[in-house]
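S.K.: Just the structure for this:
(one chain, ligands or ions: 2)
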Amino acid sequence: MHNIDAVSELHDYRLPPEQVPETIVETLSIRQRDALKTRIKDLLKQQNAALVAHYYTDADLQLLADETGGCVSDSLDMAHFGHRSDAETLVVCGVRFMGETAKILNPEKRVLMPDLDAECSLDLGCPIDEFSRLCDQHPHRTVVVYANTSAAVKARADWMVTSGSAIDVVNHLKHNGEKIIWAPDKYLGDYIQKNTGADMLIWQGACVVHEEFKGIELELLRQQYPHAMVLVHPESPASVIEQADLVSSTTGIIKAVRQLDAKQFIVATDNGIFHKLQESAPDKMFIEAPTAGKSATCKSCAHCPWMAMNSLTKLANTLATGSNEIFVDPDIMERAKLPVKRLLDFSNRGNQIAGDA
Ligand code: 13P
Ligand code: SF4
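M.R.: Ligands and ions are numbered 1, 2, ... in the order given. As a prediction, the model looks like this:
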């Protein structure tokens, strides 16, 4: 059950639009792209480096990661990858918390990112001092944080979870009689709470990309495509989640389009995922869930401005110069490892991870 009194003591931690950068996608000629890709492949070999890319990054980065033995995945599997790889350097194409998680789990490796300004509105909307104060006020609650948080916030937590693992972990904690502080995504928090019935005190942050999906316009789009199935990432508002045939992590969504019989899918998540969707099911049709229409306020319309900061040019530059290395304070790193490892051990023990089953 929601603890209403406790929830109302929380502020709105959504990022104001003026703090959200424009989504700028690099434009290159085919010749420039090919030249950069060849250079990046050479540099990866020279530096014994592996690319770890999220599904929301540019298709060229995903192709490069696949072609060079790196990894293209969701945030849980990106965290696992460092252990599987013997590369000395991991180049994380994603957002800052993904680079930090890679470093926390692989402190002996060099971790680089194409752009250290690639943030995340959830991470930015959960400042450690204020979060720590909330935890201090509720010392008997188990602190569960989403992967999309800073290393310092993770260091204050008992568990880290991803969208693909949150329900299973919270069910496990509820079963043990634990009450929870959840941060930072309020939509994901509400979704988990509804599905588990756990007692959760929910931080009021949001993803600027998923929050833009509109329930009313989605209803209209479904009338246009009555046979389409609706696939939704759980960072979306409840009005969108309510209309979903499947609510899942990015990996869960990609698996579903292969497994489900439908030929058309309306997809409510960052449109960077369309590259993998089309690759996975080339004979099927994918339609972006609406962010525009009468109720539109859209700035980062279905594409994360921070994910878009990962470009071929910046990647080549990072590899050539060794710039943009991720460093995490050693004490924070040591403490943050506990909640991250707890999740990896939980998933390795064969606990079912929703969407990834
Ligand atoms: P996944 O863990 O599902 O890849 O989600 C990460 C993310 O940032 C979604 O916006
Ligand atoms: Fe963060 Fe949203 Fe971007 Fe994912 S899509 S990295 S949650 S801002």
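S.K.: Next to ligand 1, which bits of the stretch 1-150 of the chain? Give me the list.
M.R.: For the stretch 1-150 of the chain, the contact set with ligand 1 under Cβ under 6 Å from any ligand atom comprises Asp74, Ser75, Leu76, Asn148. Every residue, glycine included, has its C-beta placed from N, CA and C.
S.K.: right, and the first one touches Thr162 too?
M.R.: So that's Asp74. Yes. Here Asp74 reaches Thr162: they are 6.7 Å apart, a contact under Cβ atoms under 8 Å.
S.K.: what touches both of the two?
M.R.: Ser249 (Cβ atoms under 8 Å, 6 or more residues apart in numbering).
S.K.: buried sites along the strand or helix carrying Lys276?
M.R.: Take DSSP states H and E as the rule and Lys276 turns out to sit in helix 274-280. For helix 274-280, burial by neighbour count (16 or more other Cβ atoms under 10 Å) applies to Phe274, His275, Lys276, Leu277.
S.K.: Kindly report the same for stretch 256-273.
M.R.: Buried residues in stretch 256-273, defined by neighbour count with 16+ other Cβ under 10 Å: Ala256, Val257, Ala262, Phe265, Ile266, Val267, Ala268, Thr269, Asp270, Asn271, Gly272, Ile273.
S.K.: What about ligand 2: which of the residues you listed touch it?
M.R.: Among those, ligand 2 is touched by Asp270 when using Cβ under 6 Å from any ligand atom.
S.K.: and the helix or strand following the helix holding Lys276, which residues are buried?
M.R.: Sequence order places strand 285-288 as the next helix or strand after helix 274-280, per DSSP H and E. For strand 285-288, burial by neighbour count (16+ other Cβ under 10 Å) applies to Phe286, Ile287, Glu288.
S.K.: list the helices and strands strand 285-288 packs on?
M.R.: Packing partners of strand 285-288 (3 or more Cβ pairs under 8 Å, 6 or more residues apart in numbering; DSSP states H and E): strand 264-268, helix 274-280.
S.K.: Using JSON lines, lay out these together with mean pLDDT.
M.R.: Formatted as JSON lines, those follow (pLDDT from 0 to 100):
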{"stretch": "strand 264-268", "mean pLDDT": "98"}
{"stretch": "helix 274-280", "mean pLDDT": "97"}
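S.K.: Can you add distance to Asp117 and give the ones you listed back as a markdown table?
M.R.: As requested, the helices and strands packed on strand 285-288 are exported to a markdown table (distance: least, Cβ to Cβ, whole Å):
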| stretch | distance to Asp117 |
| --- | --- |
| strand 264-268 | 26 |
| helix 274-280 | 23 |
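S.K.: Can you give me the domain boundaries for the protein?
M.R.: Listed by automatic domain parsing, the domain ranges of the chain are 4-19+123-206+338-348, 30-121+307-332, 210-288.
S.K.: Looking at these, spot the one closest to Cys301.
M.R.: With respect to Cys301, and counting by Cβ to Cβ, the nearest of these is domain 210-288 at 6.3 Å.
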